[in-house]
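*Asks:* got a predicted structure here, sequence first:
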Amino acid sequence: MAVEVKEYLPITLRHEDLGLSDETVLRMYYHLLLSRRLDERCWVLQRQGRVPFHISGIAHEGIGVGAAYALRKGFDIVHPYYRDLALSIALGMKPVEFMLALYGKKGDPHSAARQMPSHFSLRRLNIVSGSSPVATQVPQAAGIAFAEVLKQKLRDALEAAGFRVSREMRVVLTSMGEGSTSEGDFHEALNWAGLYKLPLVVLVHNNQYAISVPVWKQMAVQRVADRAAAYGIRGAVCDGGNVLEVYQVVKEAVERARAGEGPTLVEAVTYRWTPHSSDDDDRTYRTREEVEQGKLRDPLPRLRDYLYRRNLLTSQQENELEERVRAEVDEAQRLAEEAPYPAPEEALAPVFADEDRSGWWGE
Amino acid sequence: MPEKTLIEAIREAIDEEMARDPRVFVVGEDVGPRGGVFRATMGLWHKYGEWRVIDSPLAELSIVAIGIGAALNGFRPICEIQFADFIHPAFNQIVNEAARFFYRSGGVYNVPMVIRAPYGGGISGGLYHSQSVEAFFAHVPGLKVVIPSNPYDAKGLLKAAIRDPNPVLFFEPKKGYRLIKGEVPDGDYTVPIGPAKVTREGSDLTVFAYGMMHYYALQAAEMVAREGIDVEVVDLCTLAPVDRQTILNSVKKTGKALIVYEDNLTLGYGAEVAAILAEEGFEYLDGPVMRLAGPDVPGVPFSPPMQDFFMPNPHKIAEAIRRLARY
């Protein structure tokens, strides 16, 4: 049997031209690889019946990793969606933190095992809790960004009252699928974003499908980014399978947002070759040929090939990295399996807060 | 103590809280130079400026969602929905988002915000300027639902709502904005969210009400007092979380309960009060738990005779009291 050699789309940008060191681009590769292998393990565990559900970020890692590196980690705020495993990993989420949520175990830091997995929420990384109805996070992200504008406008009064305002605005990055751009929430959010030139990056993962509905049944415009014109904001498109291009485009959007030049609607184009979730069967709505074609966008081999071409990675180093990542995923799985479930009565609380812990103040 | 109207008390609460805490801001339609269509924010734009009193686009979903985001980021938004009838586009943001944030994040992200909305009929508002929406939201754990019936409580409860670390829906009986007057102290005080209040002591039966219907219930109690019926009136004022104990204590004393609300009858707030009494106060009852509410039609009609037919009023409440007192 002949071995099929795939011709992945090449990365032609050069990382040093984007201000990225060799070390940084290798670290990006590590985060891509870790996200992918962790994600693949979750599929296996679900198929083995060990966990009830998985919703995957496979094919989205280039977007998440590129975007994460464009942000000021620990300062900027993200309000993500369920395909943002790689974004969360690249921001600093540990594999075990995902695994605990996957198993619904005690210690899940995202939702204390209340939400389905992939509803990322980690206060220490400025990742804001999201829900499952799509696009609800977008106007909330605009509200978080609006507060950043308010802080600058009201700095004197706030600081007089003891609230420290950072010298620069935090940038808020929110992400969603292209299907979410059909929701009214998206429209209202971008309207606010344009009106107040909010420090906001609206990052749309265009993976061509909203469960089974293709993008051409979702909108009459050619590009998601075309929608930006209606709100008086910038639109930009990037290849979501090219982590360096995502980094470049999101970085520019972040810098403009921080400088008060307003929001950007970034469309990162990818192709979701997994089913929507572990409960979906994508054979009912698309051909295998189409899926194979879509895999040529795969961000992981594309970055690997780039690193080989630039003599930044050898096969021995690649294997070592694979070993390291496998050990990390094994360990995360082991810890999650050993962790206890929450006590049933933990379902009863907390409904109301007794004290206010809201806000990102100071630097 | 100076006498003020309900709307003046509300404005005073907002004004004082804005002066007290620079994180408090107002956002809504026409709240700026216009001061709100009911004048709740009159003068505040001039006093605090355009970054504290924000005229929003005409889009209720994002009035709430921007409020949620700003609350997460440390502010204390007061979101004004111009009429409760227009809150429905924001239902998802309130019910799926604001209400669930704290629980779904395992107690990490709280949402300290207030959503104010005028509600209720009897003002020639037709189907879409007369609605009572409190039952939708009182059903949702994670939301506090408050309805003041008098200026003193309005000021104190609104201040408590603004300081609460949770989302609070604050529905205001708009027919009473200028009609209901009462003594309101100048300066700071709060009325705690949670407790219901016995506003008239009585021994024969209890009328439970809130908002405009509480105002009418007190009038009805006076009417039947002349006939020798001694009515206790309870102002529920915090609908969620419900104060079960005050409800039960009152009926333990009187043995009879009438619940009055201007929403349509079925699955309105009175259903929950009736269920509490049936489950936990069965042994106190010596008559049927009764409800007086609007008919089950899709709205309050505009035409005056039909509107009057829909709305409970002191005479209808008095008549219901008489029926119940006969048991």
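*Replies:* Structure's in. What do you need?

*Asks:* mind giving me the packing neighbours of the longest helix along chain A?
*Replies:* Counting residues, the longest helix in chain A under DSSP state H turns out to be helix A:22-47. Packing partners of helix A:22-47 (3 or more CB pairs under 8 Å, 6 or more residues apart in numbering or on different chains; DSSP states H and E): helix A:61-70, helix A:85-91, helix A:95-103, helix A:243-258, helix A:299-309, helix A:315-338. All C-beta spots, glycine's among them, are computed from the backbone N, C-alpha and C.

*Asks:* mind listing what's buried in stretch B:167-186?
*Replies:* By neighbour count on 16 or more other CB atoms under 10 Å in any protein chain shown, the buried set for stretch B:167-186 is B:167-177, B:180, B:182, B:184.

*Asks:* span of stretch B:276-286 from start to end?
*Replies:* The first and last residues of stretch B:276-286 sit 15 Å apart, counting by CA to CA, to the nearest Å.

*Asks:* for it, buried residues please.
*Replies:* Buried positions in stretch B:276-286, judged by neighbour count with 16+ other CB under 10 Å: B:Ile276, B:Leu277, B:Gly281, B:Tyr284, B:Leu285.

*Asks:* quick one: distance of it to the chain centre.
*Replies:* 25 Å (CA atoms, centre = their mean, to the nearest Å).

*Asks:* and what of stretch B:39-49?
*Replies:* 23 Å.

*Asks:* tell me the mean pLDDT for that stretch?
*Replies:* Mean pLDDT, stretch B:39-49: 98.

*Asks:* what's near enough to touch the residue in the stretch 201-350 of chain A positioned nearest to chain B?
*Replies:* For the stretch 201-350 of chain A and chain B, the shortest gap (CB to the nearest CB) falls at A:Pro350, measuring 4.2 Å. Neighbour list for A:Pro350: B:Phe102, B:Tyr103, B:Gly106, B:Gly107 [criterion: CB atoms under 8 Å, 6 or more residues apart in numbering or on different chains].

*Asks:* which of these ranks first by neighbour count?
*Replies:* Of all the contacts of A:Pro350, the highest neighbour tally under other CB atoms under 10 Å in any protein chain shown goes to B:Phe102, namely 24 neighbours.

*Asks:* what's in contact with the helix or strand containing that one?
*Replies:* Using DSSP states H and E, B:Phe102 sits in helix B:101-104. With contacts defined as CB under 8 Å, 6+ apart, helix B:101-104 is touched by A:111, A:114-115, A:119, A:121, A:129, A:131, A:350-353, B:68, B:72, B:108-111, B:141-142, B:166.

*Asks:* so which of the residues you listed belong to helices?
*Replies:* B:Ile68, B:Leu72.

*Asks:* out of the contacts of helix B:101-104, which are buried?
*Replies:* The neighbour-count test (16+ other CB under 10 Å) marks A:111, A:114-115, A:119, A:121, A:129, A:131, A:350, A:352-353, B:68, B:72, B:108-111, B:142, B:166 as buried among the contacts of helix B:101-104.

*Asks:* ok, B:Ala257 - contacts?
*Replies:* The contact partners of B:Ala257, by CB under 8 Å, 6+ apart, come to B:Leu205, B:Thr206, B:Phe208, B:Ser250, B:Val251, B:Val273, B:Ala274, B:Leu277, B:Leu285, B:Val289, B:Met290.

*Asks:* in chain A, what spans have low per-residue confidence?
*Replies:* Residue ranges of chain A with pLDDT under 70: A:1-5.

*Asks:* where along chain B do the strands fall?
*Replies:* Here chain B has its strands, by DSSP state E, at B:3-5, B:24-28, B:53-55, B:76-80, B:114-119, B:144-146, B:168-173, B:181-183, B:197-200, B:205-209, B:231-235, B:238-240, B:257-264, B:290-294.

*Asks:* okay if I get those as CSV plus mean pLDDT?
*Replies:* Formatted as CSV, the strands of chain B follow (pLDDT from 0 to 100):
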stretch, mean pLDDT
strand B:3-5, 98
strand B:24-28, 98
strand B:53-55, 98
strand B:76-80, 98
strand B:114-119, 98
strand B:144-146, 99
strand B:168-173, 99
strand B:181-183, 98
strand B:197-200, 98
strand B:205-209, 99
strand B:231-235, 98
strand B:238-240, 98
strand B:257-264, 98
strand B:290-294, 98
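
*Asks:* now these as TSV including distance to A:Val237?
*Replies:* Output for the strands of chain B, formatted as TSV (distance: least, CB to CB, whole Å):
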stretch	distance to A:Val237
strand B:3-5	56
strand B:24-28	33
strand B:53-55	33
strand B:76-80	34
strand B:114-119	37
strand B:144-146	44
strand B:168-173	41
strand B:181-183	61
strand B:197-200	60
strand B:205-209	58
strand B:231-235	58
strand B:238-240	46
strand B:257-264	50
strand B:290-294	53
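
*Asks:* residues contacting B:Arg178?
*Replies:* Neighbouring residues of B:Arg178 by CB under 8 Å, 6+ apart: B:Thr5, B:Leu6, B:Ile7.

*Asks:* residue nearest the centroid of the chain?
*Replies:* Went with chain A since none was named. Central residue of chain A (CA atoms, centre = their mean): A:Asp84, 3.0 Å from the mean position.
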